[in-house]
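1. Quick one: sequence and predicted model below, then my questions.
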Amino acid sequence: MKTKKTLSILLISLVGFCLVVLGCSSREIRDEEKTLLVTIRDLEEFGVVTNDQTNGETYLVKRNLDGSTEIEYEYDSERDSVNTNYLWLKSEAEVNETVELANSAFDDRISAYKLGASLGSGELEIIEDPKLFTLGDESFSAFFEKDGIKLGNVLVIRKDNIVFSLLLTGIYFDDPQLLHNLMSPKLEKVDDIGRD
């Protein structure tokens, strides 16, 4: 699927940035860190049904040289042999040592997503919609679009020293209240997460 290839290029550019500039090491995810991430189970209240969610999901935690910790969750229906509906979800929370570093990480993440989309085949665009999501100290909201058709969402949110991101294709949210309902519980967990 060409859309997935474009998304892969987008993520490869971000991962490449991490590996080249920051350097990364990984470790096991902690239970309290999982609470920061949107998972496939969080989409059930919006009508998304999968048979065995663990088939297509992965968790990853990376510690960067700048002291930040990236906590990641991915669900890909193509890895789930019993799911016939296409759905891809990538949720991340980057815990930075300071708010100033989080400000930079917020801007860098948006730039990396835009760059990744522009390096793709040009068929998938990121179309910004600032009114779609407004929670947190800073927020960026957009749609993934192909030929003017909405295919998914892009959210980047900073609250205090944590930068959240959500990439979603296969479904999309165009109602701000639904996105607020999805993301608010994650943002409320910021105070519960200590710095490593």
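-> Done, it's in.
2. Relative to Leu132, how far out is the residue nearest the centre of the chain?
-> When the chain is reduced to its mean C-alpha position, the nearest residue by Cα atoms, centre = their mean turns out to be Leu166, at 2.7 Å. Remark: distance between Leu166 and Leu132 (Cβ to Cβ, to the nearest Å) = 12 Å. Every residue, glycine included, has its C-beta placed from N, CA and C.
3. Which residue comes closest to the residue nearest to the centre of the chain once chain neighbours are left out?
-> With sequence-adjacent residues excluded and distances taken as Cβ to Cβ, 6 or more residues apart in numbering, Leu166 is closest to Leu155, at 4.3 Å.
4. who does the helix or strand harbouring Leu168 pair up with?
-> Under the criterion DSSP states H and E, the helix or strand holding Leu168 is strand 162-169. For strand 162-169, the pairing partners within the sheet under DSSP bridges are strand 88-95 (antiparallel), strand 149-159 (antiparallel).
5. And the contacts of that strand?
-> Outside of strand 162-169, the residues within contact range by Cβ atoms under 8 Å, 6 or more residues apart in numbering are 3-4, 7, 10-11, 36, 38, 86-96, 102, 105-106, 109, 113, 136, 144, 151-158, 183, 186-187, 190, 193.
6. tell me the mean pLDDT over the helix or strand that it is followed by?
-> Secondary structure here is assigned by DSSP H and E; on that basis, the next helix or strand after strand 162-169 toward the C-terminus is helix 176-187. Model confidence over helix 176-187 averages 94 on the pLDDT scale.
7. quick one: helix 176-187 to chain centroid distance?
-> On the basis of Cα atoms, centre = their mean, to the nearest Å, helix 176-187 is displaced by 14 Å from the centre of the chain it belongs to.
8. buried residues in that helix?
-> For helix 176-187, a neighbour-count test (16 or more other Cβ atoms under 10 Å) marks 179, 182-183, 186-187 as buried.
9. same deal with stretch 99-115?
-> Of the residues in stretch 99-115, those buried by neighbour count under the rule 16+ other Cβ under 10 Å are 101-103, 105-106, 108-110, 112-114.
10. and which of the residues you listed is nearest to Val48?
-> Distance from Val48 was checked for each of these by Cβ to Cβ. The minimum falls on Tyr113, at 22.5 Å.
11. so the host helix or strand of the closest one versus strand 88-95, what angle?
-> Taking DSSP H and E as the criterion, Tyr113 maps to helix 99-119. Orientation check (axes from the mean of the first three to the mean of the last three Cα atoms, to 10 degrees): helix 99-119 against strand 88-95 gives 150 degrees.
12. which helices and strands does helix 99-119 pack with?
-> Under the contact criterion of 3 or more Cβ pairs under 8 Å, 6 or more residues apart in numbering; DSSP states H and E, helix 99-119 touches helix 2-17, strand 88-95, strand 125-128, strand 138-146, strand 149-159, strand 162-169.
13. of those, which approaches Leu43 most closely?
-> In this view, these are compared for proximity to Leu43 by Cβ to Cβ, and strand 88-95 is the closest at 7.3 Å.
14. Just want the angle from that closest one to strand 138-146.
-> Here strand 88-95 runs at 160 degrees with respect to strand 138-146, directions being taken by the same axes, to 10 degrees.
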